[in-house]
Structure formats: C-alpha cells, structure tokens
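Novice: what's the 3D shape of this:
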Amino acid sequence: MKRAATILVFFNCILICVAWLMVLYTYPRLPQQIPIWLDFFGQQHVFMKKSPLFFLYILIQTLFCAFFFLLAQRIASRMKESWKAGIFKEYVFLTLIFINLIFIHVQRSLILVARQIEKGVDKFYFYSLFGIILILIPYYRLRIKLAKKRQELDRLLENPKP
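Specialist: Numbering: from 1, shown residues only. Below you'll find the model as predicted:
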C-alpha cells in the first residue's frame, strides 16, 4: 500500500509540474485581454487586462494539493491500524489527481478562451471529473470493508480453533 501511495503522489507532482509549465509557457503568448472567470452556470466570462492574477489558479492548485498532502499524512499518522492509514492516503492522493485534472481543465479553458479558440469549459468532462470524485467515496468504504475482512481472515488462519 505504501508503494501505491508513493506512485499516486508522484503522478500528482507530474500533474502540478505540467500545469505550471502550461501556464508559464502560455502567459507571455496571451492577448492583452484574458478571462479570469469562465461560464460555468450561464454567467458571462469575466475579462481583464493581462496581469499576474492569471497565475492565481495554478497557485491555488499547488497550495491546495500541498495542504491536502500534509493533512492526509497527519491524519494517517494518527490512525491506529497502518493498513487503514495506507488506504486513506491512497484515497486522498487518488482524489487529488482528479482535482488536479479539474484545475488543469479550467486553466486550459482560460487559455483557449483568451485565444478565442473555445467558448468555455467542456462541461461534460468537467462534471465527469466531479462525478468520479464522488464515486471514490463508496470505493474507499468498500476498500476498508474488504481490508477488514482480510484482516479477520488472516487472524483466523494464524490462530485456528482446535
């Protein structure tokens, strides 16, 4: 389980690095008027002069991931069963991957709207990512139940009753 959590953290770091590269590469190439807010629920796009405020989304994404990484580590360290802590960290890091994908999609959409290539976010993709995050909740609970049953089975096999 420790290996799975490490792999998930690695892929989260890759997503954050890709997002930073995307933003740093495109910022100097953007037009003078850029959107800072997109049409999510029928509102108008909010445009402003190109400014460092464009980096707000990537900064929030990075801080969000760092905060939840540290929070997951802290909560997991307080769990009595190490197997439960491992599953919890896997769940948090897997959820963070989809949250990173949401942030990247919003940033990509801002760039494409600024260049007048797209009209906004791909709502199907955007809401699908949220749907996947919601599906991860019962997945986590199922993993915990299965791990508990495995622990019980292992105990019974170690200490068989005569």
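
Novice: mind listing the strands for this structure?
Specialist: 33-37, 46-49 (DSSP state E).

Novice: Format those strands as CSV; extra columns: mean neighbour count.
Specialist: All C-beta spots, glycine's among them, are computed from the backbone N, C-alpha and C. CSV is the format used below for those (neighbours: other C-beta atoms under 10 Å):
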stretch, mean neighbour count
strand 33-37, 16
strand 46-49, 12
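
Novice: Among those strands, which comes closest to Glu90?
Specialist: When the strands of the chain are compared by C-beta to C-beta, strand 33-37 sits nearest Glu90, at 33.7 Å.

Novice: Out of the strands of the chain, the one nearest Ser109 is which?
Specialist: Using C-beta to C-beta, the strands of the chain put strand 33-37 closest to Ser109, at 8.5 Å.

Novice: From the chain's centroid, how far away is the closest one?
Specialist: 23 Å (C-alpha atoms, centre = their mean, to the nearest Å).

Novice: Output the strands of the chain in CSV; the columns should cover mean pLDDT and distance to Ile99.
Specialist: Converted to CSV, those look like this (pLDDT from 0 to 100; distance: least, C-beta to C-beta, whole Å):
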stretch, mean pLDDT, distance to Ile99
strand 33-37, 84, 19
strand 46-49, 87, 23
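
Novice: I'd like the ones you listed laid out as a markdown table, including distance to Ala66.
Specialist: Output for those, formatted as a markdown table (distance: least, C-beta to C-beta, whole Å):
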| stretch | distance to Ala66 |
| --- | --- |
| strand 33-37 | 23 |
| strand 46-49 | 27 |
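
Novice: which stretch among those comes nearest Ser77?
Specialist: When those are compared by C-beta to C-beta, strand 33-37 sits nearest Ser77, at 38.2 Å.

Novice: Tell me which of the strands of the chain lies nearest to Ala72.
Specialist: Per C-beta to C-beta, nearest to Ala72 of those: strand 33-37, 29.7 Å.

Novice: The closest one pairs with which strands, parallel or anti?
Specialist: According to DSSP bridges, strand 33-37 has the following sheet partners: strand 46-49 (antiparallel).
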